[in-house]
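Sequence first, predicted coordinates after that:
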Amino acid sequence: MPRTLDGAQKRRRQWGSERRTQPLDTLHARPSDRKLVLGRLAIIATVAFWSAYVVYTVIRQFLDYGTESFRFTTEAVSYVVVVTFLTFSALMHLVARQGALERFATHVRVPRAELDRHFGTGHQEPLTVLVPSYAEEPDVVAATLWSAALQEYPALRVVLLLDDPPFPTDPEVAARLEATRRIAGDIQTQLAAPAQRFQEALLVAEVEAAHAPFATVASLRTLVGHHRYAIAWLERHAREQEVVDHVDTFFHDQVLLALAEELRLAADALDAAIADTLGTSTSTSTSTSTSTSTSTSTATTTDSSIPSTRAVELQRRLAWTFSAELTTFERKRYANLSHEANKAMNLNSYIGLLGGSYVHEESAEGTILRQATDAAEHTDLVVPASDYVLTLDADSILLRDYCLRLVYFLEQPENARVAVTQTPYSSFRGADTRIERLAGATTDIQHILHQGMSYHGATFWVGANAVIRVRALQDIEEVETVGGFEVKRYVQDRTVIEDTESSVDLGMHGWTLVNYPERLSYSATPPDFGSLIVQRRRWANGGLLILPKYLRQVRERRQRGERVTLTEMALRINYMASISWGSFGLVFLLAYPYDSRLLSPMVLLAALPYFMLFASDLAYAGYRRSDILRIYGFNIILMPVNVAGVLKSLEQALTNKKIPFARTPKVRNRTASPALYVLAPYVIVAFSLFTLVRDAAVGNWGNAAFAAFNAVLASYAIVAYIGVWASVVDVWIAATRWMYVDQAKRDARREARVSAVLAAREAKRRRRAGEPAPVPVAEPVDWRAVLYFGHAGRPLPRHVDTPTSDVSPAARERSAA
C-alpha cells in the first residue's frame, strides 16, 4: 500500500473511483418550473399506475375467475401487499424530493453583514461543540476539531469527549490515545498568537468607533493588515497540513484555504474602499493646497465611506474566528458517570455537567465528581453553562459559517420552538474506492430527501451534526439513580439510532426540528464493505421499536390541538419502518415464484418515475445517471445486512435488552467482513440464476427477466464493491479464527495449571510426612473498600463497558494489496 513521506498509509485508488474532489455548491441551484412540474407529475403517475395495477390486474383476476384456489388467493394478496409497500416507499421518496425542490426555490441566503450585525448587537449566547470520539485516528479527530475551532462564532467552546478506556495496556493503543489527548491543547496553542492579536485590535477598534461615525483610512489600513496576517497564517497552516486522502484534501481546500480566500476578498474590498477614499481626498487636497505632506496627512486622517460599526464588525469576525476554547473530557475517568458503551451516554454525561463546578473525590471505586456546594471551595472542574450545544461526529467537518448561520436561524422569533437545526451531511468527493463513491452518492441523495422532509414538518435529527437548544434538552431530561449516583439522560440510548428516538421525544414536548437548506457539513462514508456492514446494520436496527412512541406522540399532539398532517405521518413512518418492509418485500420477490398472471407492466410503470427522478438527482449531484443501476445492485447485496438489523430490533423488543452500539470502524486499512454477509450475496446470485432457469423452462418470462436482472446487477456489485479476492480472505479469516489463541491468556492458564499441580504435590508430600497443614495467611483488608462499600469484597461493576465495535482488531486485514 502506498505511503506518505512520514509513513502514513495511503489507500490505493481503485479503478472506477471518483476523480472529482470539488464539493457541491453550498447553495442548492434554484429548480426550474419544468423540474417542479415534472416532480408533481411523477407523484401523480406513481399513484395512478399503482391504482391501475390493483384494479385492472388483481381485482380483475378475482372478478373474472373468482378465488379459484387458496394458493392463488394467498399469492395475490401477498404480492399486492409487497408491491404496495414498495410503491409507498417510492412515493414518499418523490414527495420528500418535491418538498426539497420547493424549499430550494424559495430559500434566500442571509447576507454576511446581517449576520455580523445580529451577533454584534448583544446576541452572543454561548455555544458548546461536543465531539464524541472512540478509538479514532488522531488525524481524523484533529481535522474535525480544527473545523469546529475555526467557526466564526462569538462565544465558542469545543470539547472532545474521549470515550476510550483511560488506562490501556496495549502500547499501540496507549500511544494513539495520548496523541488524541494532545490535539485540543495543540490547537489551542496554535490559535493563541492570532487570538491575542485580534482581541487587542478589537479593543482598539471599538474605542475608535466610539468617537467617529466613519472609519478613517488609517484604521482601514490597520484592518487590512490584520486580514493579511490571518490569510498568511491560514496559508502557512495549509502548507504544513499533510494530505493523505480526499478527506484531507477537503479540509485543506474548503476549511483552511477557503477561509483564507474569503478573508482575502474582504481585504481586497477594503483596499478598494481606501483607494476610492484617497482618490477623492487627493483631488480635493490638490485643489486647496500645494503641500504634498499636508495632502498625505489629510488623506490618512480622512474619513472613509465605511461606517465605524461595520469596520468593528469585520474586526470582530477575525477575533471570533481564532478565539475558540478547546478542551478534552473523559467520562470513564469518573466512577459516578455512566460508562455505558454508546455515543448517547457519552454526550449525556457531559451535557448533565453544563453550568456546574465540581471537585474530585477519591474513593475505593475511583474518582468521583462531586458538585461544589460552596462558592469559595476549590474546584477541579468547571463546566460553563451554554445556551446551545452542537453535537459533531469525530469524522465530520463543518464549513466556516455553520454555527453563525444555524444559531441565527434559531434566534429568529418565528423559530422560538425549534429545538434542533442541522444541515444533513454531504459526502467528501474524490473517494478512493468504488463502494465509498456509491455510498457517497446515496448520502447526497439522502441530503435532498431530508431537506424535503422539513418542508412537510417531518424532520428527524440525523446525528452527525446538529445545533440543539439546551432548554429543549432539559425538557426531555430523564433522571435515574444507579448505584447511588444520579444519571441524566437527554439523548435516548434505548436503541442504536439514538437521534431518531430523541426527535420523537422533542415532538412530544412541543418542539420542532428543521433542516437548514444549505450544504454546510460533510461526513465520511465507509470505504469498504466491512465498515459499511457495521453502519447499515445499525441504521436498520431500532426504527420498529421507536414507531409505537411516535404514534403516542401523534395522539398527544392532537390532544393539544396541534395539526398533524397525513403527509408528515406517512414520511415519518416510512423513515422508521421502510427498511423493514423493503428488505422483507425484496426477499419475497426474489425467492417466491409468483403466478405470472399477477405480473403487469403497470408495476414497472409505477416504479418508473422513482427511478427516472432518482437518476436525474444523481446527475444533479455530480454522479452518473447509470449509477441508479449500481445502487440497485448495491442494495441487493446489502439486503442480508438490513434483514439482520431488523431481526436485531425484534430481538431487542422480545428481550428488552439494549443492543451494544457498534461504531463504524474508521481505519485506513480494509475492515474484514463477517462471512455470513460475504456469502449471502453469492447465494442470492445463485438462487436468482436457479429462478431464471426454472421460470424460463415453464415460460414464466416475467419472473425470469426479473431474476436475470437481479443476478446481473448483484454479480456486478459483488465484484465491484466486495471483491472476489476480498471475499476469499474474509471467509478464510472467519474459518480460521478459532485456530488463533491469545498468547497472554494461554500463558496465564498454563501458570494456573502449574501452580495447582505444584500445590497438590506439596499437600501430598506433607500428608505422607505427617506434617501439619500450613495455616493460611489472611489477606490484608482493603480498609478503603470496606469503608466505601460496607464489606470486604467489591461489588460487580455498575456499568457494562462492552466493546463498541463488532469488528475486532484481529478481523482487520492488514493487506498491502
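That came through fine.

these two touch, right, residue 766 and residue 773?
Yes: Residue 766 is within contact range of residue 773, at 6.6 Å (criterion: C-beta atoms under 8 Å). Heads up, the C-betas are built off the backbone N, CA and C, glycines and all.

Residue 212 and residue 305, how far apart?
13 Å (C-beta to C-beta, to the nearest Å).

got it, and residue 81?
70 Å.

the more surrounded of residue 212 and residue 305?
Neighbours were counted for residue 212 and for residue 305 using other C-beta atoms under 10 Å; residue 212 has more, 13 against 10.

Burial check on the closest residue to that one other than its chain neighbours, number of neighbours?
Distances taken as C-beta to C-beta, 6 or more residues apart in numbering place residue 308 nearest to residue 212, at 5.5 Å, with adjacent residues excluded. Per other C-beta under 10 Å, the neighbour tally for residue 308 reads 21.

The nearest residue to residue 463 once chain neighbours are set aside: how many residues sit nearby?
Excluding the flanking residues, the one nearest residue 463 by C-beta to C-beta, 6+ apart is residue 499, at 3.6 Å. Residue neighbour count, defined by other C-beta under 10 Å, stands at 21 for residue 499.

just residue 81 next, same as before
Residue 81, neighbours per other C-beta under 10 Å, totals 13.

List the buried residues for the strand or helix carrying it?
Residue 81 belongs to helix 70-106 when elements are defined using DSSP states H and E. Of all the residues in helix 70-106, those buried under the rule 16 or more other C-beta atoms under 10 Å are 72, 75-76, 79-80, 82-104.

And stretch 623-643, by the same measure?
Those would be 623, 627-643, for stretch 623-643 by 16+ other C-beta under 10 Å.

Which ones among these map onto helices?
Residues of the buried residues of stretch 623-643 located in helices (DSSP state H): 627-643.

circling back: kindly provide the whole-number mean pLDDT of the helix holding residue 81.
Computed over helix 70-106, the mean pLDDT rounds to 93.

How about stretch 183-191?
Rounded mean pLDDT across stretch 183-191 is 96.

can you list contacts of it?
For stretch 183-191, the surrounding residues in contact (C-beta atoms under 8 Å, 6 or more residues apart in numbering) are 138, 141-142, 145-146, 149, 158, 160, 237, 322-328.

cool, and stretch 632-645?
435, 438, 442, 532-533, 536-541, 579, 582-584, 586-587, 676-677, 680-681, 684, 710, 713-718, 721-722.

Buried subset of those residues as a PyMOL selection?
Here is the PyMOL selection string for the buried members of these, based on 16+ other C-beta under 10 Å:
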select buried, resi 435+438+442+532+533+536+537+538+539+540+541+579+582+583+584+586+587+677+680+681+684+710+713+714+715+716+717+718+721+722
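
where exactly do the strands run in the stretch 101-250 of the chain?
Along the stretch 101-250 of the chain, the segments classed as strands by DSSP state E, counting those that start in this stretch run 127-133, 156-162, 214-216.

Figure out which of the ones you listed is closest to residue 410.
Closest to residue 410 of these, according to C-beta to C-beta: strand 127-133, at 10.3 Å.

The closest one packs against which elements?
helix 138-149, strand 156-162, helix 343-351, strand 388-392, helix 402-410 (3 or more C-beta pairs under 8 Å, 6 or more residues apart in numbering; DSSP states H and E).

so residue 195 touches residue 321, yeah?
No: with contact defined as C-beta under 8 Å, residue 195 does not reach residue 321; the gap is 9.1 Å.

between the two, which one's more packed in?
Ranked by neighbour count (other C-beta under 10 Å), residue 195 and residue 321 place residue 321 first, with 23 against 19.

That one - nearest residue in space that isn't next to it in sequence?
Closest to residue 321 by C-beta to C-beta, 6+ apart is residue 152, at 5.0 Å.

Let me see the backbone angles for residue 521.
Main-chain dihedrals, residue 521, degrees, to the nearest 10: phi -140, psi 150.

who's in contact with it?
396, 397, 398, 399, 402, 422, 423, 424, 425, 426, 464, 465.

redo that, cut-off 10 Å
147, 392-393, 396-399, 402, 406, 422-426, 447, 462, 464-466 (C-beta atoms under 10 Å, 6 or more residues apart in numbering).

Check what pLDDT it gets.
The model's pLDDT for residue 521 equals 96.

quick one: residue 561 from residue 220, how far?
On the measure of C-beta to C-beta, residue 561 and residue 220 end up 56 Å apart.

Between the two, which is the more surrounded one?
Neighbour tally, residue 561 and residue 220, criterion other C-beta under 10 Å: the higher count belongs to residue 220, 20 against 6.

right, and that one touches residue 277 too?
Yes: the pair residue 220 / residue 277 is scored as a contact, 8.0 Å apart, by C-beta atoms under 10 Å.

Residue 350 contacts residue 132, correct?
Yes: Residue 350 lies in contact with residue 132 (C-beta under 10 Å); the separation is 8.8 Å.
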